[in-house]
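Chemist: got a sequence here, can you model it:
(one chain, ligands or ions: 2)
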Amino acid sequence: MSFYVALLLAEPIFLPNFEVENMKKVIIDCDPGIDDSLAIMLALNSPELEVIGITIVAGNSPAEMGFRNAKKVLNFLGRLDVPVYVGAERPRVREYVNALDTHGEDGLGESFLPDVPEQDIPEQSAVEFMSKALKGGDVSVIALGPLTNLAKLIDSDLDAFLSIERLVSMGGNFRSHGNCSPVAEYNYWEDPDSAKVVFDTLYDHHRMIEMVGLDVTRPIVLTPEILEDMKKKNPVVGDFVEKITKFYFKFHWEWEHIRGCVINDPLAVAHFITPDILSGIEAFTEVETGGISMGQTVVDSMGFYRKDSNACIYTQVDTAAFWDLFLPRILEIRR
Ligand code: BDR
Ligand code: CA
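Modeler: Ligands and ions are numbered 1, 2, ... in the order given. The predicted model follows:
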């Protein structure tokens, strides 16, 4: 029996309600999105993190829908105090292509949860918020969607971008095949020009991005068995997760013959919290912006270009360690 299955069968674990010293301030830049929602749930139930804001980018869902979905998730968590800002509505150069075929027509797995009333889009944009919040130098960004907002931040306030403490991005792929083309992953394929600006700027300024790509997210499959156990342990959370992932299950079966669904985005949050889950290599990496390989992350693992590394590319994942972190925290949510 694997460790995480044993964990599911065990009694629910309740985390003590404590303030962790040195809580890390983070901004979650996302496009909710089914797995983005699970990532938000994990982040807000992790005592190591202080989520100072959620910024929305057009990706899986159009930006305004992403805003409404983030509010629905925050409402479920009883955390409407977390501010949500809306950012880019389209990619830097190319036409916007949403992923509602994967995430359902409401972007939340066709759960059709009602909108949270009286939630207006703030006047301050996502990029303006980031600009201000990042100035102190102790704020990190976990990017779970296309990198459009971050490229805009580079355009308008390079100093703020360079003040990001850690930049973790779910996106890209190295040895794994893509999920939008043979070689490209959705977040970087949707806005390859922004992804390229981000990677190139990091290279120019001797900084690194932590790339949590498909190589490590593909094995993170929420199976029907895990979901059933979640429902037994915490019916309210289990039902919520079932509502938003049902559509995703169908999509994965039809397209990839996977029972269950790959939940990419929570892995980036889990990795931010602990270094124990992922390992990989450091390499110079560039994003292709056009042609048949648009959105591909070209990882120079052999050092052909003799260029300094601008990315940690994760290649190995300890799936048991992921579930060990994710499940107790999600199951602890009480509504
Ligand atoms: C990424 O694209 C979206 O479908 C998911 O939310 C994730 O961020 C995976 O390619
Ligand atoms: Ca996402």
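Chemist: how far away from the center of its chain is stretch 68-80?
Modeler: Computed by Cα atoms, centre = their mean, to the nearest Å, the chain-centroid distance of stretch 68-80 equals 16 Å.
Chemist: the chain: helices as residue ranges?
Modeler: Secondary structure of the chain (DSSP state H): helices at 3-9, 34-44, 63-77, 100-103, 126-133, 148-156, 158-162, 186-190, 192-204, 214-217, 224-233, 235-256, 265-273, 319-331.
Chemist: out of the ones you listed, which gets the lowest mean score?
Modeler: Per-stretch mean pLDDT for the helices of the chain is lowest at helix 3-9 (a mean of 40).
Chemist: what is the neighbour count of whatever residue of the stretch 201-335 of the chain ends up closest to ligand 2?
Modeler: Relative to ligand 2, the nearest point of the stretch 201-335 of the chain is D265 (4.9 Å; Cβ to the ion). C-beta here means a position set from N, CA and C on the backbone, and glycine is covered the same way. Other residues lying near D265 total 31 when counted by other Cβ atoms under 10 Å.
Chemist: cool, C261 as well?
Modeler: 27.
Chemist: quick one: pLDDT of it?
Modeler: In this model, C261 carries a pLDDT of 95.
Chemist: could you report the neighbour count for the nearest residue to it once chain neighbours are set aside?
Modeler: For C261, ignoring the flanking residues on the chain, the nearest one in space by Cβ to Cβ, 6 or more residues apart in numbering is Y248 at 4.0 Å. Applying other Cβ under 10 Å, we find 21 other residues in the vicinity of Y248.
Chemist: how about the contacts made by Y248?
Modeler: Applying Cβ atoms under 8 Å, 6 or more residues apart in numbering, we find Y248 in contact with I34, D35, T102, H103, G104, G109, C261.
Chemist: how much space between N60 and ligand 1?
Modeler: 5 Å (Cβ to the nearest ligand atom, to the nearest Å).
Chemist: R90: which of the helices of the chain is closest?
Modeler: helix 148-156 (7.8 Å; Cβ to Cβ).
Chemist: so P224 sits right up against K250, yeah?
Modeler: No: the criterion here is Cβ atoms under 8 Å, and P224 misses it with K250 at 11.8 Å.
Chemist: how about the residues of the stretch 51-200 of the chain near ligand 2?
Modeler: L144, G145 (Cβ under 5 Å from the ion).
Chemist: residue of the stretch 51-200 of the chain nearest ligand 1, please.
Modeler: Ligand 1 sits closest to Y186 of the stretch 51-200 of the chain, with a gap of 3.7 Å, by Cβ to the nearest ligand atom.
Chemist: out of the contacts of Y248, which is most surrounded?
Modeler: I34 (30 neighbours).
Chemist: for burial, what's the neighbour tally of P182?
Modeler: 10.
Chemist: can you tell me how far it is from I292?
Modeler: From P182 over to I292 the distance is 8 Å, taken as Cβ to Cβ, to the nearest Å.
Chemist: for the stretch 151-300 of the chain, what lies in contact range of ligand 1?
Modeler: Within reach of ligand 1 by Cβ under 6 Å from any ligand atom, the stretch 151-300 of the chain has these residues: M170, N179, E185, Y186, N187, N264, D265.
Chemist: so how far is ligand 2 from the third one?
Modeler: With distances taken as Cβ to the ion, to the nearest Å, E185 is found 11 Å from ligand 2.
Chemist: what residues are up against that residue?
Modeler: G171, G172, N173, G178, N179, G213, L214, G295, T297.
Chemist: farthest-apart pair in those residues, please.
Modeler: N179 and T297 (12.8 Å).
Chemist: centre-most residue in this structure?
Modeler: L144 (2.8 Å; Cα atoms, centre = their mean).
Chemist: with adjacent residues omitted, what lies nearest to the residue of the stretch 201-335 of the chain found nearest ligand 1?
Modeler: In the stretch 201-335 of the chain, the residue found nearest to ligand 1 is N264; the distance is 4.2 Å by Cβ to the nearest ligand atom. Sequence neighbours aside, T217 is the residue nearest to N264 in space, at 3.9 Å (criterion: Cβ to Cβ, 6+ apart).
Chemist: do R90 as well
Modeler: R90 sits nearest to Y96 (Cβ to Cβ, 6+ apart), 4.3 Å away.
Chemist: can you count the residues close to that neighbour?
Modeler: Neighbour number of Y96 under other Cβ under 10 Å is 16.
Chemist: how much space between it and T148?
Modeler: 10 Å.
Chemist: now list whatever residues contact both of those two.
Modeler: A58, R90.
Chemist: hey, what's Q316 bridged with?
Modeler: S279 (DSSP bridges).
Chemist: tell me who's in contact with it.
Modeler: V216, L278, S279, G280.
Chemist: ok, R68 next?
Modeler: Counting by Cβ under 8 Å, 6+ apart, the residues that R68 touches are D115, V116, Q119.
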